[in-house]
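In: coords please:
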Amino acid sequence: MRRICPSNIPVLLSTLLLLLIPCQAIAAHAVSIDGVLKYPAGFDQFEYTSSKAVKGGNLVLHDLGSFDTMNPFILKGTAAAGLGSFVFETLAVRSLDEPFSQYGLIAKDIALADDGLSVTFTLDEKARFSDGSKITADDVLFSLKTLKSEQSHPFYQSYFSDITHAKIINDRTIRFYFAKKNRELHLIACELPVLSEAYYSKHPFADQDLNPPIGSGPYIVDKIIPGKSISYRKNPKYWAENHPTRKNMFNFNTITYKYYSDQLVSVEAFKAGDFDFMPVNIAKQWARDLVGKKFESHQIIKEYLDHKNNAGMQCFVMNIRKPLFSNRRVRQAIGLAFDFEWTNKTLFFSQYTQTNSYFSNSELAATGLPKGLELSYLTPFKDNLPTEVFTQPLTPVSTQPPNTLRGNLRKAKRLLAEAGWTITDGRLTRVTQPEQPFKFEILLASPSFERVMAPFVRNLEKLGIEATYRTIDPALYTRRIKSFDFDMVVNVFGQSQSPGNEQRSYWHSSSADQPGTRNLIGLKDPVIDALVEKIIYATSYSELEAACKALDRVLWYGYYVVPNWYVARHRVVYWNKFGKPETLPLYYQPEDALMTWWQIDK
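Out: So this is what the prediction gives:
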């Protein structure tokens, strides 16, 4: 019989207690939304990485505006780029070639209870913060409490709200408890960033400062030039260097972000060699500005990267907190003034596809008329919904024959009249308040959008609407967005392959008055709230699909936004200094793929 050391008795008793709990399922190296995983236990590396990767080199990237905090988890201030990716880590990480799965990182094992009401994480005994200290269950508990508290950004408060509490089982084991069963909540729990309790006991979490934080990620903050640049240096003792979810990734010795005033300046800086890699989001830049001898000689590579991302909704957002946009007919009229076909052909070189859903480029997008489960979700609210939800497919505004811009503007004029607005001396005013003109401002973060807004504003002018647009400093723009201090802005409501808790931050009444949330529209609609809950608590993919399509229809026919466009692949340019894996991920952003690249000697 083996002798038991007295100091180990508490740990053994806690472990025995854990094993005796009947609802506890078998621990696994990873979890997914449907129980299917691409990579088995003991897998070596993700398929979109390469064993040919070489460590070393220096990567220089860019961002716009400036920064004034080293904490990406609070509302106050603007965090430096890269902190969330390079310095902090989560309990598990997603695979970029599966729709929704999480593979253990800081958490070595993940066990979802049979009743779906709790998940237990066993931490990797090798997991360390960059100062060499062990990551413990106390750190995880501290992280959960902190990110659920009012100290954190409202997104995290909302995202983790259904995790009611946690219980430490032993130094390396912790169990999270859920408010109710939710098929993705254990995956959301996996996304908890793990913070150092010791560090934040000395540096108050809510403080907006530039003290380099302690995290467990592959890089540490090396050099800061406030508001202008930040450099990260690879941690030579990074604990997960050979972890299968990290193997042959994060290959650069240093990564630096340089900050520029706007996109136009950054393009010229890129062509001059000031930084190495740039996603391109502006069609004119792709077609006309990023050309020349350096591209022809392949000093600079211009490339499309295919993906299968859900495109979500890019749009001009109307802030319905403003009385001007409170009427649905008014919002519909404003949307009729945007000519996508002309804009795409004349300004975008026909590179884009018109947005036709809040889940564009996805099987979650509503098509045809509602039926089956989707219809059953909508029918109880029929008296509170526009008839178009049930009678018309989602149809973008078009000027393709037989439609014309003139016809659209005539329809818009009728809608405005029905809403109590009429043109007097060329100005649109309320019938009951002729001295009150229809006037609003479109706030922009980049001057590149001004050429899009100019024809839109001219079309609105034909309706008697006095719309103006203004580009402001990115830092000021961020502050105004966080406080909902705008009339109209350009925004992208991004979507994953499996929408869930984040939908509360986008559309739910609970987020409408909470500064910093993504509910830019200001929605407070019990029907939308109910459909968001249907999405979050769907018990199968068919339920999720039906709920997303139902929500899609209700949002679309609320006319809260003017839908824009999307491109179904990434456009990137980079200096010819990189080696790349042969296989691309499927669901990713360009920077995600970049972290599997490496520098080569030319």
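In: for this structure, name the helix or strand with the lowest mean pLDDT.
Out: The helix or strand with the lowest mean pLDDT-type score in the chain, counting by mean pLDDT, DSSP states H and E, is helix 9-20 (a mean of 36).
In: show the contacting residues for the residue nearest to residue 526 when sequence neighbours are not counted.
Out: Distances taken as CB to CB, 6 or more residues apart in numbering put residue 509 closest to residue 526, at 7.4 Å, once the chain neighbours are dropped. All C-beta spots, glycine's among them, are computed from the backbone N, C-alpha and C. Listed by CB atoms under 8 Å, 6 or more residues apart in numbering, the contact partners of residue 509 are 523-526, 528-529.
In: could I get the residues you listed as CSV with distance to residue 168 and secondary structure?
Out: CSV is the format used below for the contacts of residue 509 (distance: CB to CB, whole Å; DSSP: H, G, I helix; E, B strand; the rest coil):
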residue, distance to residue 168, secondary structure
523, 38, coil
524, 39, coil
525, 40, coil
526, 39, helix
528, 38, helix
529, 34, helix
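In: next structured bit after the least confident helix or strand of the chain?
Out: Next in sequence after helix 9-20, counting helices and strands by DSSP states H and E, comes strand 30-32.
In: contact partners of that following strand?
Out: Surrounding strand 30-32, the residues in contact under the criterion CB under 8 Å, 6+ apart are 37, 39, 92, 98, 100-104, 110, 112, 186-187, 190.
In: rerun that using 7 Å as the cut-off
Out: Residues external to strand 30-32 that are found in contact with it (CB atoms under 7 Å, 6 or more residues apart in numbering): 37, 39, 98, 100-104, 110, 112, 186-187, 190.
In: do the same with stretch 130-139
Out: Taking CB under 7 Å, 6+ apart as the rule, stretch 130-139 contacts 106, 123, 127-129, 168, 170-174, 194-198, 214-216, 220, 235.
In: likewise stretch 227-237?
Out: Outside of stretch 227-237, the residues that reach it under the criterion CB under 7 Å, 6+ apart are 66-68, 80, 82, 86, 130, 218-224, 253-259.
In: the contacts of strand 30-32 into JSON lines, with extra columns for pLDDT and secondary structure?
Out: Compiled in JSON lines, the contacts of strand 30-32 are given as follows (pLDDT from 0 to 100; DSSP: H, G, I helix; E, B strand; the rest coil):
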{"residue": "37", "pLDDT": "96", "secondary structure": "coil"}
{"residue": "39", "pLDDT": "97", "secondary structure": "coil"}
{"residue": "98", "pLDDT": "93", "secondary structure": "coil"}
{"residue": "100", "pLDDT": "86", "secondary structure": "coil"}
{"residue": "101", "pLDDT": "95", "secondary structure": "strand"}
{"residue": "102", "pLDDT": "97", "secondary structure": "strand"}
{"residue": "103", "pLDDT": "98", "secondary structure": "strand"}
{"residue": "104", "pLDDT": "98", "secondary structure": "strand"}
{"residue": "110", "pLDDT": "98", "secondary structure": "strand"}
{"residue": "112", "pLDDT": "96", "secondary structure": "strand"}
{"residue": "186", "pLDDT": "96", "secondary structure": "helix"}
{"residue": "187", "pLDDT": "96", "secondary structure": "helix"}
{"residue": "190", "pLDDT": "98", "secondary structure": "helix"}
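In: just the pLDDT for residue 447.
Out: Taken from the predicted model, the pLDDT recorded for residue 447 is 89.
In: skip the chain neighbours and tell me the closest residue to it.
Out: Across the structure, with CB to CB, 6+ apart as the measure, the residue nearest residue 447 apart from its sequence neighbours is residue 471 (4.7 Å).
In: and the residue nearest to residue 580 when sequence neighbours are not counted, how many neighbours?
Out: Leaving out its chain neighbours, the residue that sits closest to residue 580 by CB to CB, 6+ apart is residue 597, at 5.1 Å. Each residue near residue 597 was counted by other CB atoms under 10 Å, and the total is 23.
In: try residue 40
Out: Residue 40 is surrounded by 8 other residues when neighbours are defined as other CB under 10 Å.
In: now it: phi and psi?
Out: Main-chain torsions, residue 40, degrees, to the nearest 10: phi -80, psi 170.
In: kindly report the same for the one 10 residues further on.
Out: When read as degrees, to the nearest 10, the backbone of residue 50 gives phi -140, psi 140.
In: quick check: chain neighbours aside, which residue is closest to it?
Out: residue 581 (3.8 Å).
In: which of the contacts of stretch 227-237 are buried?
Out: A residue is treated as buried here by neighbour count (16 or more other CB atoms under 10 Å); on that basis the buried members of those are 66-67, 80, 82, 86, 130, 218-221, 224, 254-259.
In: so which of these belong to strands?
Out: Secondary structure of these is defined by DSSP state E; positions in strands are 219-221, 224, 254-259.
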